[in-house]
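J.: give me coordinates for this.
(chains A and B, ligands or ions: 2)
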There are 2 protein chains.
Amino acid sequence: MSKNVLVMEGDGIGPEIIREARKVLERVNELDNLDLEFTEAMLGGRAYDKHGHPYPEETREKARAADAILFGSVGGPQWDGKTERHLRPEAGLLDIRSDLDLFANLRPAITFAQLADASPLKPELVAGLDILIVRELTGGIYFGEPRGIRTLENGERQGYNTDVYSESEIRRIGKVAFEAAQKRGKKVCSVDKANVMEVTVLWREVMDELAKDYPDVELTHMYVDNAAMQLVVNPKQFDVIVTGNLFGDILSDEASMLTGSIGMLPSASLNEGNQGFYEPSHGSAPDIAGQNIANPLATIMSAAMMLRYSLGAGAAADRVEAAVSNVLDQGLRTGDIMSEGMTKVSTSEMGDAVVAAL
Amino acid sequence: MSKNVLVMEGDGIGPEIIREARKVLERVNELDNLDLEFTEAMLGGRAYDKHGHPYPEETREKARAADAILFGSVGGPQWDGKTERHLRPEAGLLDIRSDLDLFANLRPAITFAQLADASPLKPELVAGLDILIVRELTGGIYFGEPRGIRTLENGERQGYNTDVYSESEIRRIGKVAFEAAQKRGKKVCSVDKANVMEVTVLWREVMDELAKDYPDVELTHMYVDNAAMQLVVNPKQFDVIVTGNLFGDILSDEASMLTGSIGMLPSASLNEGNQGFYEPSHGSAPDIAGQNIANPLATIMSAAMMLRYSLGAGAAADRVEAAVSNVLDQGLRTGDIMSEGMTKVSTSEMGDAVVAAL
Ligand SMILES: [Mg+2]
Ligand SMILES: [Mg+2]
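T.: Ligands and ions are numbered 1, 2, ... in the order given. Got it, this is the predicted structure:
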């Protein structure tokens, strides 16, 4: 049965990087007989310019119908402060996440050995790093009620937020982590603060229960402050990390910096049906848009994640990732990852090289 | 007027490291005419063995009367699981913090250039690092109510915690940070998540107000996820970081690992009267206790912080820190920071060397 892939360029460097990722997808589609069908739609600032909304009705319909969505990037200075908050380019991203109930954010922290020198860490600590951080994206303290700023009886103001997770919310993000681990190193580290916070006492309990359904996966627990340390000291000890919205925000950003090459990092957001939204971790880089110099590899790696997590094509995903490693072995580099002795290439040359290496 | 310093050895390596720090304090007391008077008391496991409580009444009286307290370390396997939770060695620490209302936790992240090679980061990123993290220690989500695990109408359980700060709590920790910055690099970075969490919207507002009272200090704001990244990528950009209990826990632990030498890191906990409790960041290391091989420098550095923050003797503090740097220049190293070509020394030899270098 054919699979429906929605491709959206977005703003800034979006069109250039999506073009290369699509080339790669079309080539593996042929090579592996994946029966992918592609459609297109608009999301973000250019969508607003054309349709008056960053997440137009037409896009919504196509998004709901898609098995997976590949996206470029959103935003740019031409839209800054021009419209109400809910019509800004970034609001389109929030809209589609909530519309499709994309509660699971998958953020890999990968360092290809060929790029390890760019890390702030010593190369031996990060060469070959391959962590997957699974962050709950629609609950926890970023969404919990009650919240606000109130005035106390003594007249002073007090700010408050509520961190809250129910068993079902914890279980569904846990499942994503365990299933991802089955496709990888078969280890899940659940990060909490169960020595202090009750919301994470429940989190830990549910993870322990869930682990019984995945006897092939090893579950460990770690406090968030220790996890922040271990990521710096010995990041390669981790396979899959699963955690709540706030801790996941902090740890996935910390981990991304360890890699030394944000231009290489993909991301995915999944819902319960494994429908997924795939995009590079980096932004829309309006300053270099249209110059054919952006690094398309994070988007190509996002396409590989899409093959693995939403399209059931793990072998094709492996093939794409191997091709990316191959072009790095050839010494090809876009400007952002350039180093001495390597060959500097354009966005499209990099995409062509990955296609050739497939 | 004389100042009253309470010295408590605690458990494990506590007695050995305290002995060296006290030698140093007694010598600067003479050199700088500080008029320090020393008393002693017990806290932790040995206090429990002798008095039946880890924070005995006699210690409480002396602690309340002291201008500053220098402490070694707490706990060991001989007390594990032997008593009720409130009688464990660690409970003594919680008791004294709450008894003296020590709401401000000061955690320096320092990397002496001589030890930069031990960091997981590239040496050039951390050599000479000198950050002070000021963490609020008695409020926020670790203490906020309501909290617990409840059963919802649909029968499933839900965990919840409350992050909460009032203006006065924010103001008093802010003051500690601004005053510390005045004694250092004159920069405060306040870390929050004000784009999402109301409790930190108020936090940011109060910091902005407070900044008007400290025109000589530059205040900036940073989101916690970005701070977790910036600590890895460019830690030397920071002077003083001030933040709430949870964010401070995560960031101060992350920062301590950047330094590569936890055996060098002091800490302080202060109350509104600048009465302070000073202890090394490391633990009681029962496995090496009594062998005269522990590193006393974190405790000596804690004594320096005590001179600066509670005893109004900044010049003496500078003198102690310079002496520590001097012994490192001489190539003297305890086992935990030993590297090729250096001279391995015992705990007491290290203490003697610092005294000699004063
Ligand atoms: Mg973030
Ligand atoms: Mg901690």
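J.: okay, CA-based contacts and neighbour counts for the rest of this
T.: Fine.
J.: mind checking the longest strand of chain A?
T.: In chain A, with assignment by DSSP state E, the single longest strand is strand A:157-166.
J.: A:His221 sits in which helix or strand?
T.: strand A:218-223 (DSSP states H and E).
J.: now do the contacts for the closest residue to A:Thr59 other than its chain neighbours.
T.: Once flanking residues are discounted, A:Thr59 sits nearest to A:Ala41: 5.5 Å by Cα to Cα, 6 or more residues apart in numbering or on different chains. Contact analysis of A:Ala41 by Cα atoms under 8 Å, 6 or more residues apart in numbering or on different chains lists A:Leu6, A:Val7, A:Met8, A:Glu58, A:Thr59, A:Lys62.
J.: could you do A:Val224 as well?
T.: By Cα under 8 Å, 6+ apart, the contact list for A:Val224 reads A:Val191, A:Asp192, A:Lys193, A:Phe247, B:Ile250.
J.: over to A:Asp67?
T.: A:Lys3, A:Asn4, A:Val5, A:Leu6, A:Gln275, A:Gly276, A:Ser310, A:Leu311.
J.: and it, how far is that from B:Thr343?
T.: Distance, A:Asp67 to B:Thr343, using Cα to Cα, to the nearest Å: 64 Å.
J.: same question for A:Ile18.
T.: A:Ile18 sits 58 Å away from B:Thr343, going by Cα to Cα.
J.: now do A:Arg150
T.: With Cα to Cα as the criterion, A:Arg150 and B:Thr343 are 60 Å apart.
J.: then A:Gly76?
T.: 57 Å.
J.: also A:Leu358?
T.: Distance from A:Leu358 to B:Thr343, counting by Cα to Cα: 55 Å.
J.: who has more neighbours, those two?
T.: A:Leu358 (18 against 14; other Cα atoms under 10 Å in any protein chain shown).
J.: okay, the more buried one: pLDDT?
T.: The model reports A:Leu358 with a pLDDT of 96.
J.: how about the contacts made by A:Ala127?
T.: A:Ala127 touches A:Thr111, A:Phe112, A:Ala113, A:Gln114, A:Leu115, A:Ala116, counting by Cα under 8 Å, 6+ apart.
J.: give the buried subset of those as a ChimeraX selection command.
T.: The ChimeraX selection below is limited to those of the contacts of A:Ala127 classed as buried (16 or more other Cα atoms under 10 Å in any protein chain shown):
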select /A:111,112,113,115,116
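J.: from the contacts of A:Ala127, pick the one nearest B:Gln158.
T.: Of all the contacts of A:Ala127, B:Gln158 sits closest to A:Thr111, with 37.4 Å by Cα to Cα.
J.: from chain B, how far out is the closest one?
T.: Plainly put, A:Thr111 is 15 Å away from chain B if you go by Cα to the nearest Cα, to the nearest Å.
J.: pull out the buried positions in stretch A:42-57.
T.: A:Met42, A:Leu43, A:Gly44, A:Gly45, A:Arg46, A:Ala47, A:Tyr48, A:His53, A:Pro54, A:Tyr55, A:Pro56.
J.: just how off-centre is that stretch within its chain?
T.: Once both centres are worked out by Cα atoms, centre = their mean, to the nearest Å, stretch A:42-57 turns out to sit 22 Å from its chain's centre.
J.: and if you look at stretch A:242-254?
T.: The answer for stretch A:242-254 is 12 Å, by Cα atoms, centre = their mean.
J.: hmm, who's touching that stretch?
T.: Residues from elsewhere that reach stretch A:242-254 (Cα under 8 Å, 6+ apart): A:107, A:109, A:133-142, A:173-174, A:177, A:188-192, A:224, A:227-228, A:231, B:224-226, B:228-229, B:232.
J.: where does the stretch 251-358 of chain A come near chain B, residue by residue?
T.: Within the stretch 251-358 of chain A, the residues that sit near chain B (Cα under 8 Å from any Cα of the partner chain) are A:Leu251, A:Asp253, A:Glu254, A:Ala255, A:Ser256, A:Met257, A:Leu258.
J.: change it to 10 Å
T.: Applying Cα under 10 Å from any Cα of the partner chain, one finds that the stretch 251-358 of chain A approaches chain B through A:Leu251, A:Ser252, A:Asp253, A:Glu254, A:Ala255, A:Ser256, A:Met257, A:Leu258, A:Gly260.
J.: next step: those restricted to helices.
T.: A:Leu251, A:Ser252, A:Asp253, A:Glu254, A:Ala255, A:Ser256, A:Met257, A:Leu258 (DSSP state H).
J.: got the contact list for the nearest residue to the last one once chain neighbours are set aside?
T.: So that's A:Leu258. Excluding the flanking residues, the one nearest A:Leu258 by Cα to Cα, 6+ apart is A:Ser119, at 5.9 Å. Listed by Cα atoms under 10 Å, 6 or more residues apart in numbering or on different chains, the contact set of A:Ser119 reads A:111, A:125-127, A:256-261, B:121-122, B:232-233.
J.: 6 Å - rerun?
T.: A:Leu258, A:Thr259, A:Gly260 (Cα atoms under 6 Å, 6 or more residues apart in numbering or on different chains).
J.: just checking, what packs against the helix or strand where A:Glu37 lies?
T.: Assigned by DSSP H and E, A:Glu37 falls within strand A:36-40. Secondary-structure packing of strand A:36-40 (3 or more Cα pairs under 6 Å, 6 or more residues apart in numbering or on different chains; DSSP states H and E): strand A:3-10.
J.: give me the buried positions along the strand it packs on.
T.: Applying 16+ other Cα under 10 Å to strand A:3-10 flags A:Asn4, A:Val5, A:Leu6, A:Val7, A:Met8, A:Glu9, A:Gly10 as buried.
J.: just want the angle from it to strand A:36-40.
T.: 30 degrees (axes from the mean of the first three to the mean of the last three Cα atoms, to 10 degrees).
J.: ok and the residue in the stretch 1-150 of chain A nearest chain B?
T.: A:Leu121 (4.1 Å; Cα to the nearest Cα).
J.: looking at it, that residue is touching B:Leu121, isn't it?
T.: Yes: A:Leu121 lies in contact with B:Leu121 (Cα atoms under 6 Å); the separation is 4.1 Å.
J.: does chain B sit close to the helix or strand bottoming out on mean pLDDT in chain A?
T.: Lowest on mean pLDDT, DSSP states H and E among the helices and strands of chain A sits helix A:89-99, with a mean of 92. No: applying Cα under 6 Å from any Cα of the partner chain, one finds helix A:89-99 out of contact with chain B, separated by at least 13.2 Å.
J.: immediately after that helix, which helix or strand?
T.: Defined by DSSP H and E, the subsequent element after helix A:89-99 is strand A:104-110.
J.: now the angle from that following strand to helix A:89-99?
T.: 120 degrees.
J.: tell me which other helices or strands strand A:104-110 touches.
T.: By 3+ Cα pairs under 6 Å, 6+ apart, strand A:104-110 packs against strand A:130-136, strand A:266-270.
J.: now those in CSV, with mean pLDDT and mean neighbour count?
T.: Output for the helices and strands packed on strand A:104-110, formatted as CSV (pLDDT from 0 to 100; neighbours: other Cα atoms under 10 Å in any protein chain shown):
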stretch, mean pLDDT, mean neighbour count
strand A:130-136, 98, 26
strand A:266-270, 97, 25
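J.: what values do phi and psi take at the nearest residue to A:Ala357 once chain neighbours are set aside?
T.: Ranked by Cα to Cα, 6+ apart and with sequence neighbours excluded, the top spatial neighbour of A:Ala357 is A:Ala323, at 5.0 Å. Taking degrees, to the nearest 10, you get phi -70, psi -40 for the backbone angles of A:Ala323.
J.: burial count for the nearest residue to A:Ala313 once chain neighbours are set aside?
T.: Closest residue in space to A:Ala313, ignoring its immediate chain neighbours: A:Leu307 at 5.0 Å, by Cα to Cα, 6+ apart. Neighbour count for A:Leu307, taken as other Cα under 10 Å: 22.
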